[in-house]
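Student: only geometry, no sequence info:
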């Protein structure tokens, strides 16, 4: 924990000293309400050591929700107290660390955040089956410049895989408009199927190869797999190898996983030859203080060169998003 705090202090000191820190692109930020993860305050460990177990004599839902109210670590990160606090502290983090962030949420909430920080927010839209946004609405948002990324697509929480026929119009639209797509494939909260409202979540839908038929049907689709498909490193490597247009982000696994586990997963992807298709993501939801921890997890990786860290923190995303001046 001490090494993480030292790294965070070093990251912020550049800005304090007067020179702006090197730019970062966060491909996985959320514009949410403060109560999105339950009535605040709720906490998260960043990172966890041992994950909690559940005594089956206890009510499953009660045990799962205790994960956010009594996290098993000495120094948890606590959530923002209300919507204004969440927005203001999150945007302050973007300024402090010179971050531009792909930001998902409802169109209305994302627009509110973008109005407050137009140079920091790249507008996305997040939804699942329960709050499905009609294709016509997405087309309208795109035409008005309010949609640059489709995602986070959270269908895994509904027990729905990416090859479900109901999703075909969304893949077709993204390919037609050449809008990047971000899909959740990986961890929810520990014990997710027992959390109220998440009973349909299935870890099996984290398998990146479930995307293969979608990619073949839509060869011009620009897609990135959120959470880098953790913990399915081998199948993530297989998808990246077979489909060179696919990228990944490091959202949430870079601050909640035990550091050694996150580094193992990241190193597996880098050593397999995919270091230029890994993008930084914080997956900041209601915990603004998680952002510097996530950055530090990249900066502290002993197996990454300085150039590889810059690729992950900025250059890969700039190329994927086709930003002006992006390095090829």
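Tutor: Now that the structure is in, tell me what you want to look at. Computed from a prediction, not measured in an experiment: that's the story for all the values here.
Student: so who does residue 160 touch?
Tutor: Applying CB atoms under 8 Å, 6 or more residues apart in numbering to residue 160 gives the contacts 128, 129, 166, 167, 200, 205. Where C-beta positions appear, they are placed from N, C-alpha and C, glycine not excepted.
Student: List phi and psi for the first one.
Tutor: Right, the one you point to is residue 128. Phi and psi for residue 128, reported as degrees, to the nearest 10, are phi -130, psi -160.
Student: Quick check: it touching residue 151?
Tutor: No: using CB atoms under 8 Å, residue 128 is not in contact with residue 151, being 10.9 Å away.
Student: Neighbour count for those two, which is higher?
Tutor: Counting neighbours by other CB atoms under 10 Å for residue 128 and for residue 151 shows that residue 151 has the greater number, 25 against 16.
Student: A strand includes the more buried one, no?
Tutor: Yes: per DSSP: H, G, I helix; E, B strand; the rest coil, residue 151 lies within a strand segment.
Student: For the residue lying farthest from the centre of the chain, give me the pLDDT.
Tutor: Distance from the centre of the chain peaks at residue 57, with 33.8 Å (CA atoms, centre = their mean). pLDDT, residue 57: 80.
Student: swap in residue 2?
Tutor: 44.
Student: now the residue farthest from the centre of the chain, what's its secondary structure?
Tutor: Per three-state DSSP, residue 57 ends up coil.
Student: Residues touching stretch 76-84, excluding its own?
Tutor: Contacts to stretch 76-84, defined as CB under 8 Å, 6+ apart, come from residues 33-34, 37, 40-46, 86, 89-90, 286-290, 293.
Student: Give me the subset of the residues you listed lying in helices.
Tutor: Secondary structure assignment by DSSP state H places 86, 89, 90, 290, 293 of these in helices.
Student: Tell me the one of those residues nearest residue 106?
Tutor: Using CB to CB, residue 86 is the member of the ones in helices among the contacts of stretch 76-84 that lies nearest residue 106, at 14.1 Å.
Student: Touching, that closest one and residue 32? I think so.
Tutor: Yes: contact between residue 86 and residue 32 holds when scored by CB under 8 Å: they sit 7.1 Å apart.
Student: Check residue 63 and give its pLDDT.
Tutor: pLDDT, residue 63: 57.
Student: helices and strands of this protein: which one bottoms out on pLDDT?
Tutor: Ranking every helix and strand in the chain by mean pLDDT, DSSP states H and E puts helix 2-17 at the bottom, with a mean of 51.
Student: The next helix or strand after that helix - contacts with which helices or strands?
Tutor: Counting by DSSP states H and E, the element after helix 2-17 in chain order, helix or strand, is strand 24-30. Counting contacts by 3 or more CB pairs under 8 Å, 6 or more residues apart in numbering; DSSP states H and E, strand 24-30 is packed against strand 99-104, helix 316-321.
Student: Quick check: neighbours of the first one in the sheet, parallel or antiparallel?
Tutor: Read that as strand 99-104. Applying DSSP bridges, strand 99-104 is found paired with strand 24-30 (parallel), strand 121-127 (parallel).
Student: Those: which one's closest to residue 272?
Tutor: When the strands paired with strand 99-104 are ranked by proximity to residue 272 (CB to CB), strand 24-30 comes first, at 20.0 Å.
Student: what do residue 86 and residue 32 both touch?
Tutor: Contact criterion CB under 8 Å, 6+ apart; residues shared by residue 86 and residue 32: residue 286.
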